[in-house]
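> Sharing a model that was predicted from the sequence below.
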Amino acid sequence: MGEAPAITGRKIWLDGRLVDWHDATVHVLTHTLHYGLGVFEGIRCYATADGRSAVFRLPEHVQRLFNSAHINLLEIPYTREEIQRAVVETLRANELTEGYVRPIAFLGEGAMGLNPANNPVRVAVAAWSWGKYLGEEGMERGIRAKVSSFARNFVNAKMTKGKTCGDYVNSILAKREALLDGYDEAIMLDTQGLVAEATGENLFAVRAGELCTPPLPTVLEGITRATVIELARDKGLAVRERPVARDELYIADELFLCGTAAEVTPIREVDRRRVGNGARGPITKLLQSAFFEVVTGRDRKYDRWLHYT
């Protein structure tokens, strides 16, 4: 199983101020460390064609962070505007023109047990340089995926619209299983056996020229997912949110994943079955190119999605 490179940087925004990277520490009895009740976001910043730097869909990401906190009965002790400013400050402090940003709200030390009582809600924002999550080669050639033996969290066992720290144990198990079996990523089914999403990405399939994606009940409301749907419709493609059966993955003309980390990544093989021609398909390539035109500011039609730093 491949080793992920260690990340590092200069500064982290912690509880309202920038501190040195290695000083951004928490107590070993931090409640979230023990029980997993915390929420986070993943955000990307891109160098734009005009020499500036822009955070992609910053307000939407910060809103989802607050939605996740609300779902989990956490009250973030900062406003949305303060968190947005913290994201920009952290990028600047780390001198990043491009990078990945990780805001997290978590329960600090105090009470232990399943009732966190009055433990403080702490907030951090980190940023670092992070390349293609599923590899440069994967962006062009496509990745190999397997259907996981682990099901996506059931919608009423743990709500699926929040990015909750502890929920991702489910994704870690699926990811590690896939890597140990020689694949790049895992595709997770819901508890009814229908396709849900990958370990940290939404999934799209192309069949007979139509773009389809699993509906929202069991999947995260992906911001990149929403972006892809809008871009596809603007280009005249038919898009349908509908249930997707496992064997539809095998007979799809094209498959791709999308997410903040993965961006738009094609899938060339699922469960040792070649997808389409076994390479990045034309619709995937079209949407991948359109996505990067948007995030780098080359397509000014979507400038509303860019928060210049």
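Sure, I can see it.

> C-alpha only now, for contacts and for neighbours.
Will do.

> mind listing the helices for the stretch 51-200 of the chain?
58-71, 80-93, 136-141, 168-180 (DSSP state H, counting those that start in this stretch).

> For stretch 246-259, could you pull out the residues that count as buried?
Across stretch 246-259, burial judged by 16 or more other C-alpha atoms under 10 Å covers 246, 249-259.

> Show me which pair in those is furthest apart.
Taking C-alpha to C-alpha as the measure, the buried residues of stretch 246-259 span a maximum distance of 23.1 Å, between I251 and G259.

> residue contacts, the residue sitting furthest away from the middle of the chain?
Distance to the chain centre peaks in the chain at A111, reaching 31.1 Å (criterion: C-alpha atoms, centre = their mean). For A111, the contacting residues are 31, 117-119, by C-alpha atoms under 8 Å, 6 or more residues apart in numbering.

> which of those residues tops the neighbour count?
When neighbours are counted by other C-alpha atoms under 10 Å, H31 leads these with 25 neighbours.

> Check it and give its pLDDT.
pLDDT for H31: 98.

> Repeat that for the one 10 residues further on.
You'll see E41 listed with a pLDDT of 98.

> I'd say C165 and H34 touch.
No: the pair C165 and H34 does not pass the contact test of C-alpha atoms under 8 Å, sitting 11.1 Å apart.

> Give me the more crowded residue out of the two.
A count of neighbours by other C-alpha under 10 Å puts C165 above the other of C165 and H34, at 19 against 14.

> Quick check: the gap between the more buried one and G278.
Per C-alpha to C-alpha, to the nearest Å, C165 is found 35 Å from G278.

> try G138
12 Å.

> Which one's more surrounded, those two?
The neighbour count for G138 versus G278, taken as other C-alpha under 10 Å, is higher for G138 (21 against 18).

> Just the local confidence number for the more buried one, please.
In this model, G138 is scored at 82, pLDDT.

> Can you lay out the helices of the stretch 51-200 of the chain as TSV showing distance to A232?
Below are the helices of the stretch 51-200 of the chain laid out as TSV (distance: least, C-alpha to C-alpha, whole Å):
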stretch	distance to A232
helix 58-71	20
helix 80-93	28
helix 136-141	18
helix 168-180	28
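
> so which of those helices gets nearest K161?
The nearest among the helices of the stretch 51-200 of the chain, by C-alpha to C-alpha, is helix 58-71 at 7.0 Å.

> and the closest one with helix 80-93, angle?
120 degrees (axes from the mean of the first three to the mean of the last three C-alpha atoms, to 10 degrees).

> for helix 58-71, which positions count as buried?
For helix 58-71, the neighbour count (16+ other C-alpha under 10 Å) marks 58-59, 61-62, 64-69, 71 as buried.

> and if you look at stretch 239-246?
Buried residues in stretch 239-246, counted by 16+ other C-alpha under 10 Å: 239, 244, 246.

> Filter the buried residues of stretch 246-259 down to the ones in strands?
254-259 (DSSP state E).

> ok, back up a step: relative to L286, which of the helices of the stretch 51-200 of the chain is closest?
Using C-alpha to C-alpha, the helices of the stretch 51-200 of the chain put helix 136-141 closest to L286, at 12.1 Å.
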